[in-house]
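>>> What would the 3D arrangement of this be:
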Amino acid sequence: MDYLIFKAIHIIFVVSYFAGLFYIVRLFIYHTEALEGSEPEQSILHKQYSFMEERLWNIITVPAFIIMLITGIYMLYATDWGYLSQGWMHVKLLFVVLLIAYHFWCWKTLKKLHQAKTGLKSVQLRMMNEVATLILFAVVFAVVLKQLFIDHWYWALIAFVGMGVLIMFIVKIVNRHKA
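Numbers count the residues shown, from 1 in each chain. Alright, predicted model coming up:
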């Protein structure tokens, strides 16, 4: 019973965390575009986006990240670490490591933008916004399909790469007028 409660909490905070990630990078895009504007609009928007990003990061994204990790670790512990011997869990954990790296990239980008520095252009940030989507796809398919995902890993890899290329292509086409 404890396991199922932690699983439900884990899923809720995965959803909350990804909502925070999707929105924070969207704010980075708008913030970057605002920094390219002229005064006084640039200063006003910089202050507003910095405030919104800080609140989103500290009140929603980071707490959800921590609770997601704690409940995930508890579920591994509750199964006597048995899931660690299964291939689908290896795939999931690989993408969780990539997700943690993405999380810290977002944090570094947040700090740069608060100093009114832009490291990437708007269209590049739009593509980076899709990284979380790709990670989410991989984790959900690994968890739901489990052994099928592992047995047919080559199709999963082809589908994953294809999805990534398709998403990036669509982002590029939709934003072709922005450089």
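
>>> use CA for all of it now, contacts and neighbours both
OK.

>>> So Ala156 is in contact with Gln147, correct?
No: Ala156 is beyond contact range of Gln147, at 11.7 Å (criterion: Cα atoms under 8 Å).

>>> and Leu158, how many neighbours does it have?
Wrong residue type there; residue 158 is Ile, not Leu. The local packing of Ile158 (other Cα atoms under 10 Å) involves 11 other residues.

>>> Please report how far it lies from Ile167.
Ile158 sits at a distance of 14 Å from Ile167 (criterion: Cα to Cα, to the nearest Å).

>>> Likewise for Ile5?
For Ile5, the distance to Ile167 (Cα to Cα) stands at 35 Å.

>>> do the same with Leu113
Leu113 sits 25 Å away from Ile167, taking Cα to Cα as the criterion.

>>> cool, and Phe28?
The spacing between Phe28 and Ile167, counted by Cα to Cα, is 19 Å.

>>> just how off-centre is the lowest-mean-pLDDT helix or strand in the chain within its chain?
Within the chain, no helix or strand scores below helix 147-151, which has a mean of 75 by mean pLDDT, DSSP states H and E. Centroid separation between helix 147-151 and its chain, computed with Cα atoms, centre = their mean, to the nearest Å, is 24 Å.

>>> So for the helix or strand just after that helix, what gets flagged as buried?
As assigned by DSSP states H and E, the chain's next helix or strand after helix 147-151 is helix 153-174. With burial defined by 16 or more other Cα atoms under 10 Å, the residues of helix 153-174 counted as buried are 156, 160, 164, 167-168, 171-172.

>>> likewise stretch 43-59?
Buried residues in stretch 43-59, counting neighbours by 16+ other Cα under 10 Å, are found at 45-46, 49-50, 53-54, 56-57.

>>> same check, this time on stretch 15-35
Within stretch 15-35, the residues that count as buried by 16+ other Cα under 10 Å are 16-35.

>>> And for stretch 59-66?
For stretch 59-66, burial by neighbour count (16+ other Cα under 10 Å) applies to 60-62, 64-65.

>>> for the least confident helix or strand of the chain, packing partners?
In terms of contacts (3 or more Cα pairs under 8 Å, 6 or more residues apart in numbering; DSSP states H and E), helix 147-151 is packed against helix 87-114, helix 122-145.
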